[in-house]
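1. build me a structure from this.
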Amino acid sequence: MTHPVSRTILLLDIERFSDRDDVEQAYLRRMLYDVTDRALETAGIDETLRTRADRGDSVMELIDANAPVTALLRALLTEVPVQLRALNRMASRSAQMRLRGVVAGGYVAVDDLDGWVGSDLNHACRLLDAALLRAALRERPDDFALCVSDSVYQGVVRHDHPGVPAADFHQVTVGTKNGPLTAWLHGPVPPAGEDHGERGAGGERGAGEAPGGSGDRPAPAAPGTPRDTEDTRNRPAPAAHRGAPAPGPVLDVNGGSVSFGGGYVAGDQHGVSGGRVTGDVVMGSKTDGDRS
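-> The predicted structure follows:
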C-alpha cells in the first residue's frame, strides 16, 4: 500500500439512478461525466491534477491538494446548477438528472489492488449517502444539493471567499454506523423529524425521494400547511347533491336521526348543507318549528 497523501475529495451522485432502464442509465452516466468535467475545467483543475473512480451511479474524484478548493466550490455552486437546468429543460422526464454532491478533504492511500482506502474517504461516502442530504435535494427547487465536510468548512468556507458565501452553509449532524459526523449543508436544512428516505436493507432508496428530474418534484405544500401531514379538516367540502356546489360541510341523513350533544334532528332531511330541514329540530332542550 502506498503512503497516504492529502487529497480533496469530490463525490457526485445521481438521484434515483436504479429506477431507470439500461438506456436511460447509460445516458445519465454520460451526462454525469460531462457535468463533472465542465465543473472541474471551470475551476481550473485539469486532468493532471485529478484521479477518477467510477461508482456506477456516481463519480469520485481525488484532486491534488494544491488545486484551489475555493474555485472548486464556486464552480459547484454556480456551474453545476446551470448545466443541470439546461440538460433537464430539454430532456424527457425519465432522462432528467438531479445530483447530490460532497466536498471533503483528507488522506487517501492506494492499496495493492489499486483501490482507494482511508477513513476520510469513508466519511465522505457516508455524507453522500446520508438521508439528510437526500431529503435536502428532494426539497430543493433546483436539481443540486451540496454538503461539505467540517474540515472543508473550517479551512475554506467559513472565511467567506467571493462566490462561496459562508452564510449559505448550515451545520448539520449526520448519523452513521460509526457515530455522528459534523458537516455543513449548502442551503436550507430539511425539517426535523420528516422521512428522509433512508436506504432499505437491500440498498434501495426510500420511497420519499423524487422519482427523477425537475418534472417529478413534489408540489410544494400550501403556506402554513405541515409537510408531513395534511390537515384534512380544512379541505373543501364535496359538491352537493344534483351537482349543486356545497359552500361548507355536507351532512347526509338517509333515514333515522342524528344527535348533537344530546339532541337530535328528526323528520325529512334534504341536503342539509344547502337544502332544508323539515320536522322538529331539537338541540339540547330547545325545540323550534320548521326551518328552511
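2. which stretches of the stretch 51-200 of the chain form strands?
-> 58-64, 99-110, 116-117, 144-149, 169-176, 179-186 (DSSP state E, counting those that start in this stretch).
3. need these in JSON lines with distance to A136, mean neighbour count and mean pLDDT, can you?
-> Glycine gets a C-beta too; all of them are placed from N, C-alpha and C. Listed next are those as JSON lines, based on distance: least, C-beta to C-beta, whole Å; neighbours: other C-beta atoms under 10 Å; pLDDT from 0 to 100:
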{"stretch": "strand 58-64", "distance to A136": "16", "mean neighbour count": "20", "mean pLDDT": "93"}
{"stretch": "strand 99-110", "distance to A136": "8", "mean neighbour count": "21", "mean pLDDT": "94"}
{"stretch": "strand 116-117", "distance to A136": "26", "mean neighbour count": "15", "mean pLDDT": "82"}
{"stretch": "strand 144-149", "distance to A136": "4", "mean neighbour count": "25", "mean pLDDT": "97"}
{"stretch": "strand 169-176", "distance to A136": "9", "mean neighbour count": "15", "mean pLDDT": "92"}
{"stretch": "strand 179-186", "distance to A136": "6", "mean neighbour count": "17", "mean pLDDT": "94"}
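4. can I get these in JSON lines including distance to R138?
-> Shown next, in JSON lines, are the strands of the stretch 51-200 of the chain (distance: least, C-beta to C-beta, whole Å):
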{"stretch": "strand 58-64", "distance to R138": "17"}
{"stretch": "strand 99-110", "distance to R138": "10"}
{"stretch": "strand 116-117", "distance to R138": "29"}
{"stretch": "strand 144-149", "distance to R138": "9"}
{"stretch": "strand 169-176", "distance to R138": "15"}
{"stretch": "strand 179-186", "distance to R138": "13"}
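5. which regions of the chain sit below the pLDDT cut-off?
-> Filtered on pLDDT under 70, the chain yields the residue ranges 193-292.
6. where do the helices sit along it?
-> Taking DSSP state H as the criterion, the chain carries its helices at 22-42, 69-90, 119-128, 131-139, 150-155.
7. pick the most buried one from these.
-> Comparing the helices of the chain by mean neighbour count (mean count of other C-beta atoms under 10 Å), helix 131-139 ranks first with a mean of 22.
8. and it, what other elements does it pack with?
-> Where contact means 3 or more C-beta pairs under 8 Å, 6 or more residues apart in numbering; DSSP states H and E, helix 131-139 is packed against strand 99-110, strand 144-149, strand 169-176, strand 179-186.
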